[in-house]
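1. Output the structure for:
(one chain, ligands or ions: 1)
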Amino acid sequence: MSNDDNTSNTTSTIWGGRFKAGPSAVMEEINASIGFDKRLYAQDIRGSRAHAKMLAAQGILTEADVDAILQGLSEIEGEIEAGSFEFSRALEDIHMNVENRLREKIGDAAGRLHTARSRNDQVATDLRLWVRDALDGLDGALKDLQAALIERAQEHAGSVMPGFTHLQAAQPVTLGHHLLAYTEMLGRDRSRVRDCRARLNECPLGAAALAGTSFPIDRDMTAHALDFHGPTQNSLDSVSDRDFALEYLSVLSILAVHLSRMAEEMVIWASQQFAFVRVADDFSTGSSIMPQKRNPDAAELVRGKAGRVFGALMGLLAVMKGLPLTYGKDMQEDKEPVFDAHDTMELCVTAMTGMFRGAIFDVERMKADAGKGFTTATDLADWLVRVAGLPFRDAHHVTGALVAVAEDKGCGLEDLSLQEMQNVNADITEDIFDVLGVENSVASRTSLGGTAPDNVKAQAAQARERFLK
Ligand code: ARG
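-> Numbering: from 1, shown residues only. Next up is the predicted model:
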């Protein structure tokens, strides 16, 4: 291949002063980020506006130049939004695409916009702004999901279902209580969103390439114009830090764990063997060969996509771990995992909201299952402690013996006769039967955070106050 075939004759107008030839086609391909960082256009233009106004306020640029810059930037924003902007791979990234277009529009003044700035602090600022917007959007989506769960929890505050440990029937609980457990998980996710946002909210703009600048800039002014709570404190750290991206991916990964566990329960509950729930038509799919099938594909995909989000976090951790200060081009690899994990989780949260809003719970079936597997054995033991005065360990032993009798007979604890019970422990009286039904069992669990229907109603009301205000 001759040099002409794969080498551009034109050097970059933006950084090509010292070069005789332009980059090879392969160099251009590996170097370019415009294919994905065009998603930063709004943040990039916003950052440039703030920077230009600050330069004017400090007397570094003339008002006339800045007016032209602001006018040009607005037109460019319009072109990008209208889809008429022509992105160029030769111009590498969003920053140079915008600047180059600005030069076409306003001439020399465009070149002055980059005074006291570098793409290094520019991209660090743009991505922070983008992640900050993403965090705000995620918080709203999580709130909607919590709203759906709280609504269903209120509706099912008294619906009894089996509670599990080890996926073995353990004790009866209420469906509302179970749905409010999800609400708490998501509440912690939202608090991680807030923490991440607070730590992220410092402005790197003005760090320039790495060392700061000799121009008399006002970093407080740009920071506040961009709604940051202030500027970052060390210029080297400012351009090399991607903690905020890693933290966002960590937040998304923990959220992905939560949604995956919720999705897994949907899959289990929707099986014919459990049949606790029917996923509504609009969130189910059929099979091309088995006409009877109704698959909870959305839940399975939410479960599956968690792997992809963890991959994004692991990928960026690996990119960052060996980098010496300050900026390295490796860091251009930060954007795709952030965008992909963000899009993935936004979709997953929305899908879960739809799925839970429409889920058709079979409360009769759940209730029938709630008593299977001697799930009220603890209630029986508690009765022996409370009424017959046995130490809990002895009560546990007596109850175990009663479970063995019931198991031999192939019946539930509540189906044993008083005589059969008294054969095991003479202190047992008729009123033991009051605690053996699943409804009685859940009604008695009135401790703080417990599953009693009255508790759950109160917890749902509190959850509304805590999460939906
Ligand atoms: N496209 C680059 C990135 O995403 C922008 C910063 C480039 N800086 C540089 N000195 N080449 O990281």
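2. could you list every residue that touches the residue sitting nearest the centre point of the chain?
-> Closest to where the C-alpha atoms of the chain average out (C-alpha atoms, centre = their mean) is Leu252, at 3.7 Å. Residues near Leu252 by C-beta atoms under 8 Å, 6 or more residues apart in numbering: 138, 309, 312-313, 341-342, 344-345. Placement of C-beta: from N, CA and C, glycine included.
3. can you rerun that using 7 Å?
-> Neighbour list for Leu252: 309, 341, 345 [criterion: C-beta atoms under 7 Å, 6 or more residues apart in numbering].
4. Adding distance to Gly230, secondary structure and pLDDT as columns, could you present the residues you listed in TSV?
-> TSV is the format used below for those (distance: C-beta to C-beta, whole Å; DSSP: H, G, I helix; E, B strand; the rest coil; pLDDT from 0 to 100):
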residue	distance to Gly230	secondary structure	pLDDT
Val309	31	helix	98
Ala341	28	helix	98
Met345	29	helix	98
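5. still on that earlier bit, may I ask which helix or strand encompasses the residue nearest to the centre of the chain?
-> According to DSSP states H and E, Leu252 maps onto helix 243-270.
6. Quick one: mean pLDDT over that helix.
-> Mean pLDDT, helix 243-270: 98.
7. Look up how far Val193 lies from the residue nearest to the centre of the chain.
-> Per C-beta to C-beta, to the nearest Å, Leu252 is found 10 Å from Val193.
8. Against the ligand, how distant is the residue nearest to the centre of the chain?
-> 20 Å (C-beta to the nearest ligand atom, to the nearest Å).
9. picking up where we left off before, what mean pLDDT does the following helix or strand past the helix holding Leu252 get?
-> Downstream of helix 243-270, the first helix or strand assigned by DSSP H and E is strand 277-278. In this model, strand 277-278 has a mean pLDDT of 96.
10. Quick check: chain neighbours aside, which residue is closest to whichever residue of the stretch 151-300 of the chain sits closest to the ligand?
-> Closest to the ligand within the stretch 151-300 of the chain is Ala209: 7.1 Å, counting by C-beta to the nearest ligand atom. Leaving aside its sequence neighbours, Ala209 sits nearest to Ser118 (C-beta to C-beta, 6 or more residues apart in numbering; 3.9 Å).
11. thought the one you found was touching Ala208?
-> Yes: if you go by C-beta atoms under 7 Å, Ser118 and Ala208 touch, sitting 4.7 Å apart.
12. re earlier: that's a helix at the residue of the stretch 151-300 of the chain closest to the ligand, yeah?
-> No: going by DSSP: H, G, I helix; E, B strand; the rest coil, the assignment for Ala209 is coil, not a helix.
13. burial measure for it, as a count.
-> Neighbour count for Ala209, taken as other C-beta atoms under 10 Å: 15.
14. Over to Gly35?
-> The burial count for Gly35: 12, using other C-beta under 10 Å.
15. Model confidence at Leu226, what's the number?
-> 98.
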